[in-house]
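[1] I'll drop the sequence and a predicted model, then ask my questions.
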Amino acid sequence: MKYTEIMIRYGELSTKGKNRKCFIQQLAKNLRRTLMPFPAVKILAKRDRAHLLINGEDSDLIIPKLKKVFGIVNFSLVVRVEKNLKIMKQTAQSIIKEQYKPNATFKITAKRQDHDFKLDTNELNQFLGSAILKCLPEIKVQMKKPDINLKVEVRMDGVYFFTSTIKGAGGLPVGTSGLGMLMLSGGIDSPVAGFLAIKRGMKIEAVHFASPPYTSPKALQKAKDLTQKLTFFDGSIKFFEIPFTRIQEEIKAKVPLPYLMTITRRMMLRITDLLRKKRNALVIINGESIGQVASQTLHSMITIEDVATAPIIRPLVTMDKAEIIELAEKIETFQISVLPFEDCCSIFAPPSPKTKPNLEKAREYEALLDVEGLTKHALENVSVAEISATENTEQFVDLL
Ligand code: ATP
Ligand code: MG
């Protein structure tokens with residue numbers, strides 16, 4: 001039996017009331033982009049389900065792509081036929097015959113959305129069940145955990161048959177929750193934080209601080225490669241590279257060692273926040289997790305976030321490193337993150353950074369720097385690359 005369609009279930013989406021229409025439109029748009037390599041596929045996004053008409057494309061290639069689209073709770077390969085009992089009977093028979101193996105058990109699970117259909121669900125189960133027993137007398141009916149559970153849904157536009165349901169990525173369609181700036185280092189955590197933000201429907205732009213020649217072109221490339229991995233979930237991501245050398249040298253020359261990390265972080269956050277404003281992004285996302293390192297104690301977070309004017313989203317805040325690594329492996333960023341190229345923070349890291357930096361002191365030490373001049377210089381020299389899943393086009397542009 002040839003599957004003609006893929007039925008997509010939205011789950012969480014369908015409870016979104018007034019926003020539903022916008023969510024469905026965005027999901028349809030994301031599906032269209034994801035399924036670009038399959039031009040014959042037709043996407044019908046309806047109120048409670050989306051349907052992909054396969055039109056001769058290879059469903060084995062489509063399925064792995066669908067598994068990465070957020071906003072899909074699950075999906076099934078289905079056969080759709082008209083509401084005609086004879087055709088329905090033949091369809092049920094041929095699907096079961098095809099899947100039957102000696103000693104296999106089955107059941108029919110009928111559902112009816114069209115309440116005017118001539119058979120109710122019990123009658124449908126009976127009707128199709130006995131049709132199957134007629135053509136395969138050796139098969140057994142089993143209600144609990146049968147080998148084949150043939151699901152039959154009588155909907156307004158036809159009758160759908162399917163035997164399996166594939167888990168989707170969950171979450172919300174990318175683009176429905178607004179734009180956030182992801183502070184992306186080359187480490188393990190920030191790409192995972194970006195992934196989780198994308199999963200909740202956020203569109204992200206990556207901000208990376210580089211300090212050449214202390215940090216190498218390879219470290220920069222690593223951050224870009226990590227961004228590219230994230231584009232599998234979000235078609236294309238802007239990558240902002242911020243020159244941070246001058247700032248780090250200034251900090252090292254003027255700030256007392258225990259506060260070096262705190263002030264470095266404040267400068268990074270301040271610049272990210274200014275960029276966020278220019279980009280009309282709503283929030284900043286980072287990869288911090290409570291207590292992981294000195295700059296991520298609650299005291300540090302408070303002292304550092306003093307400079308931000310927008311909320312900071314920390315998707316990993318309560319996660320253990322092992323849990324983060326597990327996710328990093330799943331999204332295939334881990335093997336890139338562990339490549340040994342130094343990040344700007346590790347190079348200038350003091351031997352014993354303050355774990356409880358004092359806010360007033362941090363402000364005082366920071367005042368030793370020309371904060372405005374340094375910030376302006378960094379922002380004037382930002383370069384941006386558009387990173388997409390398939391290509392990596394780069395341009396040096398006058399920022400915004
Ligand atoms: P990661 O694995 O994401 O580097 P980490 O555990 O190494 O995190 P830190 O180095 O303390 O932690 O960084 C905390 C967060 O600050 C990072 O998750 C990231 O969001 C941001 N960050 C650190 N370094 C940079 C950088 N060079 N460019 C942009 N953001 C950075
Ligand atoms: Mg790091």
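    Noted; the coordinates are in hand. Ligands and ions are numbered 1, 2, ... in the order given.
[2] Show me what the one helix or strand N74 maps to is packed against.
    Assessed by DSSP states H and E, N74 sits inside strand 72-81. In terms of contacts (3 or more CB pairs under 8 Å, 6 or more residues apart in numbering; DSSP states H and E), strand 72-81 is packed against strand 5-9, helix 59-66, helix 85-99, strand 158-162, strand 166-170. In this view, the C-beta of every residue, glycine as well, is placed from N, C-alpha and C.
[3] Other residues contacting the strand or helix carrying A206?
    For A206, the element it lies in under DSSP H and E is strand 203-210. Identification of contacts with strand 203-210 by CB atoms under 8 Å, 6 or more residues apart in numbering yields 174-175, 177-185, 194, 197-198, 219-220, 223, 227, 230, 234, 237-245, 268, 271-272, 275, 279, 281, 285, 344, 387.
[4] Which ones among these lie within helices?
    Judged by DSSP state H, the contacts of strand 203-210 include 194, 197-198, 219-220, 223, 227, 230, 245, 268, 271-272, 275, 344 as members of helices.
[5] K361: what's it in contact with?
    Residues counted as contacts of K361 (CB under 8 Å, 6+ apart) are Y259.
[6] Which residue is the nearest non-sequential neighbour of the residue in the chain positioned nearest to ligand 2?
    Among all residues of the chain, G187 sits closest to ligand 2, at 3.5 Å; criterion: CB to the ion. The spatially closest residue to G187, leaving aside those adjacent along the chain, is S337, at 5.8 Å (CB to CB, 6 or more residues apart in numbering).
[7] The one you found: neighbour count?
    Using other CB atoms under 10 Å, S337 has 21 other residues around it.
[8] So what does it have for phi and psi?
    phi -60, psi -30 (degrees, to the nearest 10).
[9] The strand holding N74 pairs with which strands, and in what direction?
    Sheet pairing for strand 72-81, assigned by DSSP bridges, gives strand 5-9 (antiparallel), strand 158-162 (antiparallel), strand 166-170 (antiparallel).
[10] and the ones you listed as JSON lines, adding mean pLDDT and mean neighbour count?
    Shown next, in JSON lines, are the strands paired with strand 72-81 (pLDDT from 0 to 100; neighbours: other CB atoms under 10 Å):
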{"stretch": "strand 5-9", "mean pLDDT": "96", "mean neighbour count": "21"}
{"stretch": "strand 158-162", "mean pLDDT": "96", "mean neighbour count": "22"}
{"stretch": "strand 166-170", "mean pLDDT": "93", "mean neighbour count": "15"}
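[11] Make TSV out of those strands and add distance to ligand 2.
    Formatted as TSV, the strands paired with strand 72-81 follow (distance: least, CB to the ion, whole Å):
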stretch	distance to ligand 2
strand 5-9	37
strand 158-162	46
strand 166-170	26
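[12] between those strands, which gets nearest to V69?
    strand 166-170 (6.2 Å; CB to CB).
[13] Just want the residue of the stretch 51-200 of the chain that's nearest ligand 1.
    Ligand 1 sits closest to G187 of the stretch 51-200 of the chain, with a gap of 2.1 Å, by CB to the nearest ligand atom.
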